[in-house]
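give me a 3D structure for the following:
(4 chains)
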Protein chains: 2
Amino acid sequence: MQKEVTIYDIAKLLELSPATVSRALNDHPAISSSTKSLITSKAKEMGYRSNLFASNLRRQRTNTIGVIVPRLDSAFMSTVLAGMEKIANKSNYNLIISQSLESVKKEVANAKTMFDSRVDGLLVSLAADTDDLEHFNTFFRKGIPMILFDRVMPQKNCTNIVIDNVKAGYDATMHLLDQGCQQVMHVTGNVKRNVYADRLKGYKMALFDRGLPLSDEYIRLTDLTRQAGLDLASHIRQMAMPPDGLFIASDFCAASCMGALRQYGFTIPDDIAVIGFNNDPVSQVVEPNLSTIHYPGQEMGEIAAQTLINHLNGLLHLSTTNSILLNYELIIRQSSQRVKTP
Amino acid sequence: MQKEVTIYDIAKLLELSPATVSRALNDHPAISSSTKSLITSKAKEMGYRSNLFASNLRRQRTNTIGVIVPRLDSAFMSTVLAGMEKIANKSNYNLIISQSLESVKKEVANAKTMFDSRVDGLLVSLAADTDDLEHFNTFFRKGIPMILFDRVMPQKNCTNIVIDNVKAGYDATMHLLDQGCQQVMHVTGNVKRNVYADRLKGYKMALFDRGLPLSDEYIRLTDLTRQAGLDLASHIRQMAMPPDGLFIASDFCAASCMGALRQYGFTIPDDIAVIGFNNDPVSQVVEPNLSTIHYPGQEMGEIAAQTLINHLNGLLHLSTTNSILLNYELIIRQSSQRVKTP
DNA sequence: TTTGAAAAAGCAATCGGTTGCATAAAAAGA
DNA sequence: TCTTTTTATGCAACCGATTGCTTTTTCAAA
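As a prediction, this is how the structure comes out:
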């Protein structure tokens, strides 16, 4: 366990002051370029590495970004994190990642930890049952920037990064209608969350635009798990008037439902056309391949991280942008394609 | 932006020394319990929070664990991370996570970043083309503990956490043979990595134990992607003697291959029985449901983190345990079940 | 040669806890 | 009551980099 090299060691060796060494290593303009190169080369030679804690302590910043997500183990979220990590790494920031497991209580605790770790900024996707952002007040008060992504909530001075879920829901529904569906059913998650509320809104708008009636019977709120998909299928089987179109707000749930429906004797897409959401890898391996809305996870992570870092480096003021909309993409595969194009 | 409360503020208010306050907050035995409760309550009242940097600077440790994984966006890895996060959070450790994207070069860079961030310990799963652990020498030299998990490599003083991939591969193959398969094909990844090499070894052992011949034609090395699964299917279709059993070292690849095989007219499991690996969520939604080896991701993450933290807290010496084996589980589903049990 | 401004480098305080050692106070024993 | 232990607290030196301000050096203009 060898001793660490400090700027004092370098200073002593070169008969300079620690102040000069520090400035040289930070490329301060008041240091002559000859001294600078002398110092940097000596530092490298001695295997010097800066002590971040001393630096952080003095400068009151940490080069660390806190990330709070509902779950780490979802296909979508892991691509988001991958994107964030890529950018953060490139810009010399560290990521501290924690999961709320969809509980406000844990989210509050995580926020506290992040605060105590003195993160420079925060990237958050909200838990299912989060009602307000009070637990982030400590951050707002101290002027620590925070960006909400995907699961967002309007908030002053807090940029949101999302796709247009209303429009995506509208497009998905419209696509099913265009395939000749008469009765489209929508299955979604907790409508407390914007993503699900918005998709539902889009669904309703599409029906409305086509002059179709809206019925509560064709709207189901579930937890979008595999089990929910199975339950849904058995429910549909027992309906007097089963839907002939199914828009499910999650690919994974859609895939499991589709499997069960087929076992019950439904043909897809002819009896029931199905479209999911997220472009989860699973959508390409289920039979038939699942139509979906491509959700740009990696990109969302990259943009969230980059925006935050730009703000921290003073390149951009977050207050000027309140919302960033990413493009999504309707991907049509066999599960919904009735009208064959030649 | 209000001023932070420090132990000095508390000390002044209570007319005590900062040292006493510090000790009280750390539950030092030399402080009377009455003073302790006085100080802690005052601290809470004033909204004091410890400055980790000052503390880290002085104590030369960071309460931070570095994690390097090949990819963040894999179902398996995200469950591992979820497990690590859970334990780390509970034990008051932070996680710095980075991905090597399967490249040694990035792994080396990540290791350097971790070192500069002065992590207390390291949890690593190796990139596909990592040949040695030289880039971790800095850690070994400084006595910073490191645990390898899943993608490991034997190394002195470095605990490995794995499942018995040889045995798992053996069991998977044996299961297919028990279902009456005569020609079992094995498809795996880069055999530089223990996980794939070991599964292959298990496959070979099973054939050997049954007195079956080993043929290179029935062993394919791929990158285990969706595309690889499709290619594999079209390859099998063109084989003079297609296999009647298929052991693929990844569920996702297996699922995509299975879909293509069915399109080519193969019946599963009757023409070809298929088993995957990992118990990826996808295995439960593909048609037919995919048999697999359950890989305890969450548990692996939890154990890796807990073991490291125990070591850091002096509760356990890593050098005493060189390898931790977790249990896996053979999960039989429709894709391989020919012999029906009544 | 002197003067002055600009450029380069140094001084010393600071960030906020931690900890070995010294000291004071209280309790126990003589 | 006086000494010895034990217990509780304080002193002050760190940890290592940063930065406002001062001082020294350099170099050109007067």
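
what kind of secondary structure is the residue nearest to A:P288 when sequence neighbours are not counted in?
Spatial nearest neighbour of A:P288, chain neighbours left out: A:Q334 (3.6 Å); criterion: Cβ to Cβ, 6 or more residues apart in numbering or on different chains. (Each C-beta comes from the backbone N, C-alpha and C, glycine too.) The local conformation at A:Q334, judged by DSSP: H, G, I helix; E, B strand; the rest coil, is coil.

what's the separation between A:Q334 and DNA strand C?
Separation of A:Q334 from DNA strand C (Cβ to the nearest atom of the strand, to the nearest Å) stands at 61 Å.

so what's that residue up against?
A:Q334 makes contact with A:269, A:288-289, A:291 under the criterion Cβ atoms under 8 Å, 6 or more residues apart in numbering or on different chains.

what of A:V108?
Contacts of A:V108 by Cβ under 8 Å, 6+ apart are A:H135.

is it fair to say it lies in a strand?
No. Using three-state DSSP, the assignment for A:V108 is helix, not a strand.

just the pLDDT at it, thanks.
Per-residue pLDDT puts A:V108 at 93.

coming back round to it: kindly list the main-chain dihedrals of the residue nearest to A:P288?
For A:Q334, the backbone dihedrals are phi -70, psi -30 (criterion: degrees, to the nearest 10).

ok, A:I275 next?
Per degrees, to the nearest 10, the backbone of A:I275 is at phi -130, psi 140.

do the one 10 residues further on as well
In this entry, A:V285 is assigned phi and psi values of phi -110, psi -10 (degrees, to the nearest 10).

and for it, the neighbour number?
28 (other Cβ atoms under 10 Å in any protein chain shown).

ok, A:R58 next?
Around A:R58 there are 11 residues (other Cβ under 10 Å).

that one: helix or strand, and which one exactly?
helix A:52-59 (DSSP states H and E).

against which helices or strands is that helix packed?
helix B:52-59 (3 or more Cβ pairs under 8 Å, 6 or more residues apart in numbering or on different chains; DSSP states H and E).

pipe the contacts of A:Q334 into JSON lines and attach distance to B:D251, secondary structure and pLDDT per row.
Formatted as JSON lines, those follow (distance: Cβ to Cβ, whole Å; DSSP: H, G, I helix; E, B strand; the rest coil; pLDDT from 0 to 100):
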{"residue": "A:P269", "distance to B:D251": "26", "secondary structure": "coil", "pLDDT": "94"}
{"residue": "A:P288", "distance to B:D251": "19", "secondary structure": "coil", "pLDDT": "91"}
{"residue": "A:N289", "distance to B:D251": "17", "secondary structure": "coil", "pLDDT": "93"}
{"residue": "A:S291", "distance to B:D251": "23", "secondary structure": "strand", "pLDDT": "97"}
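
can you pull out the strands in the stretch 151-300 of chain A?
A:159-163, A:184-188, A:219-221, A:245-248, A:273-275, A:292-294 (DSSP state E, counting those that start in this stretch).

which helices and strands does the fifth one pack with?
Packing contacts for strand A:273-275, counted by 3+ Cβ pairs under 8 Å, 6+ apart, involve helix A:165-178, strand A:245-248, helix A:251-263.

the first one too?
Using 3+ Cβ pairs under 8 Å, 6+ apart, the elements in contact with strand A:159-163 are strand A:146-149, helix A:297-312, strand A:323-326.

the second one - contacts with which helices or strands?
Spelled out, it's helix A:297-312. By 3+ Cβ pairs under 8 Å, 6+ apart, helix A:297-312 packs against strand A:64-69, helix A:75-90, strand A:121-124, strand A:146-149, strand A:159-163, strand A:323-326.

among those, which is nearest DNA strand D?
Closest approach to DNA strand D among the helices and strands packed on helix A:297-312 is made by strand A:64-69 (15.0 Å; Cβ to the nearest atom of the strand).

that closest one and DNA strand D in contact?
No. Shown here: strand A:64-69 not in contact with DNA strand D (Cβ under 7 Å from any atom of the strand), separated by at least 15.0 Å.

for the strands of the stretch 151-300 of chain A, which one sits closest to B:L214?
Across the strands of the stretch 151-300 of chain A, B:L214 has its closest neighbour in strand A:292-294 (42.1 Å, Cβ to Cβ).

any part of the closest one near chain B?
No. Strand A:292-294 stays clear of chain B (Cβ under 8 Å from any Cβ of the partner chain), getting no nearer than 13.7 Å.

so which of the helices and strands packed on strand A:159-163 comes closest to DNA strand C?
helix A:297-312 (19.5 Å).

can you check what angle separates the closest one from strand A:64-69?
140 degrees (axes from the mean of the first three to the mean of the last three Cα atoms, to 10 degrees).

how far away is A:G297 from A:I163?
10 Å (Cβ to Cβ, to the nearest Å).

with neighbour numbers in mind, choose between those two.
For the pair A:G297 and A:I163, the greater number of neighbours falls to A:G297 (25 against 22), based on other Cβ under 10 Å.

how much space between the spatially closest residue to that one that is not a sequence neighbour and A:L325?
In this structure, A:G297 finds its nearest non-sequential neighbour in A:T79, 3.4 Å apart by Cβ to Cβ, 6+ apart. Distance, A:T79 to A:L325, using Cβ to Cβ: 18 Å.

thinking again about what came up before, what's the angle between the helix holding A:R58 and strand A:64-69?
Going by the same axes, to 10 degrees, helix A:52-59 makes 100 degrees with strand A:64-69.

quick one: helix A:52-59 to chain centroid distance?
Between the centre of helix A:52-59 and the centre of its host chain there is 30 Å, according to Cα atoms, centre = their mean, to the nearest Å.

for stretch A:92-107, same thing?
12 Å.

repeat that for stretch A:34-43.
On Cα atoms, centre = their mean, the centre of stretch A:34-43 falls 43 Å from the chain's centre.

just say which of the helices and strands packed on strand A:159-163 is most tucked in.
Ranked by mean neighbour count, the helices and strands packed on strand A:159-163 are led by strand A:146-149 with a mean of 24 (mean count of other Cβ atoms under 10 Å in any protein chain shown).

quickly run through the sheet partners of that one, with directions.
Paired strands of strand A:146-149, with direction, are strand A:121-124 (parallel), strand A:159-163 (parallel) (DSSP bridges).

let me have those strands in JSON lines, extended by distance to DNA strand D.
Shown next, in JSON lines, are the strands paired with strand A:146-149 (distance: least, Cβ to the nearest atom of the strand, whole Å):
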{"stretch": "strand A:121-124", "distance to DNA strand D": "18"}
{"stretch": "strand A:159-163", "distance to DNA strand D": "27"}
